[in-house]
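**Q** Coordinates for the following, if possible.
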Amino acid sequence: MKNFQIDDKMREILDDILPDFPYVIHKDETKNFIREYVPWHWHEEVEFTYVLEGTLKVGYKNRIIILEHGDGVFTNSNTLHTMCNGGKKGNNVVFYTQIIQKSFLGGRPGSIWERRYLLPLLENREVEYCIFRNGCREDEKILAGIRSSSELGLKKPWGYEFELRNILSGVWIELCHKYDIINASGWKENDEEDQRIKKMMGFIQENYDQSIHVEQIAKAADVSARECFRCFERNLSMTPFHYLMQYRVLEAADRLIRSNSSITEIGLECGFQSNSYFTKIFKQYMNCTPSQYRKIKVNGK
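**A** As a prediction, this is how the structure comes out:
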């Protein structure tokens, strides 16, 4: 199973993106993720996704989008998002993911490329994502650029670094035209609610193994318990409790595969106070018991 790492602030840990070449390309498959699910996360880098096979469901704070074969999506800097198999159970989804730091296209901080072309999009919270549809004439150039740059980044022929930057610069210019950056008068600062939900999700991730009350989650973002509930419903379409349970189950699922600890020990380590309760909640989310899950994933049975 793919080890997807996020820190206590819900930021994805990108070990394979390097300072001297701030770009990374992955060819991912949903079958390689626990529960065919990429957990909620964000990163300062922008992301381009392109679907090769299957149906991909991508979730943002207040919307779920469905991507079919040949579709793509741009995810802006610092945007919370998640992904999972959007088709029938057991169907695999194959997709490219390119993650790019602004310096890859903008060069040194304060450059004209950064100021004139990158920041107006990166810091505009009205542009959290942008969908590109296969067969839509307006999206043809962007989709062709995302696919060709992905293939180039995976093959890595001599000189590909220059060609890759050229292709993605063209994709970015098309994005600028799409959002009329030429005539934009400015951009909005990061919205306050975005920071609140990240703080509360980060608190849950850091303390999921403890007994947590909604008042504690709310305090992490200096809001009331009632506003905490509203914030989770508006952004993730779930309650704080459901997000906590989901996170505990995903952590437990990872440990069932990667450790030799007993099921009871794993349940306690992930915040479940009894083995029966652990089994009940795990089955609700994973459609099987912890022991069945371990047998399937470890022994292939």
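
**Q** wait, residue 176 sits on residue 117?
**A** Yes - using Cβ atoms under 8 Å, residue 176 is in contact with residue 117, at 5.9 Å. Where C-beta positions appear, they are placed from N, C-alpha and C, glycine not excepted.

**Q** These two: who's more crowded?
**A** Taking other Cβ atoms under 10 Å, residue 176 and residue 117 do not tie; residue 117 has more neighbours (20 against 17).

**Q** From residue 141, how far out is the more buried one?
**A** The gap separating residue 117 from residue 141 is 16 Å, by Cβ to Cβ, to the nearest Å.

**Q** just the helices in the stretch 151-300 of the chain please.
**A** Under the criterion DSSP state H, counting those that start in this stretch, the stretch 151-300 of the chain contains helices at 160-178, 192-207, 214-219, 225-236, 240-258, 263-269, 275-286, 290-294.

**Q** Compare those and give me the one nearest residue 6.
**A** helix 192-207 (7.1 Å; Cβ to Cβ).

**Q** and that closest one, what other elements does it pack with?
**A** helix 214-219, helix 225-236, helix 240-258 (3 or more Cβ pairs under 8 Å, 6 or more residues apart in numbering; DSSP states H and E).

**Q** how many other residues sit next to residue 210?
**A** Neighbours of residue 210 (other Cβ under 10 Å): 8.

**Q** which residues touch it?
**A** Shown in contact with residue 210 (Cβ atoms under 8 Å, 6 or more residues apart in numbering): residue 271.

**Q** And it, how close does it get to residue 249?
**A** Residue 210 is 16 Å from residue 249, by Cβ to Cβ.

**Q** just checking, residue 261 touches residue 252?
**A** No - the pair residue 261 / residue 252 is not scored as a contact, 10.3 Å apart, by Cβ under 8 Å.

**Q** Tell me where the model's unsure across this structure.
**A** Judged by pLDDT under 70, the chain has its weakly predicted residues at 1-4, 8-10, 181-191, 299-301.

**Q** Which parts of it belong to which domain?
**A** Domain assignment for the chain by automatic domain parsing gives 23-183, 192-299.

**Q** Mind putting those domains into TSV with distance to residue 13?
**A** Listed next are the domains of the chain as TSV, based on distance: least, Cβ to Cβ, whole Å:
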stretch	distance to residue 13
domain 23-183	9
domain 192-299	12
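
**Q** closest to residue 17 out of the ones you listed?
**A** Judging the domains of the chain by Cβ to Cβ, what sits closest to residue 17 is domain 23-183, at 4.6 Å.

**Q** Quick check: phi and psi at the spatially closest residue to residue 22 that is not a sequence neighbour.
**A** If the residues on either side of it in the chain are set aside, residue 22 comes closest to residue 101, at 3.5 Å by Cβ to Cβ, 6 or more residues apart in numbering. Residue 101 adopts backbone torsions of phi -80, psi 150, taken as degrees, to the nearest 10.

**Q** Same check on the one 5 residues further on?
**A** For residue 106, the backbone dihedrals (degrees, to the nearest 10) come out as phi -100, psi -10.
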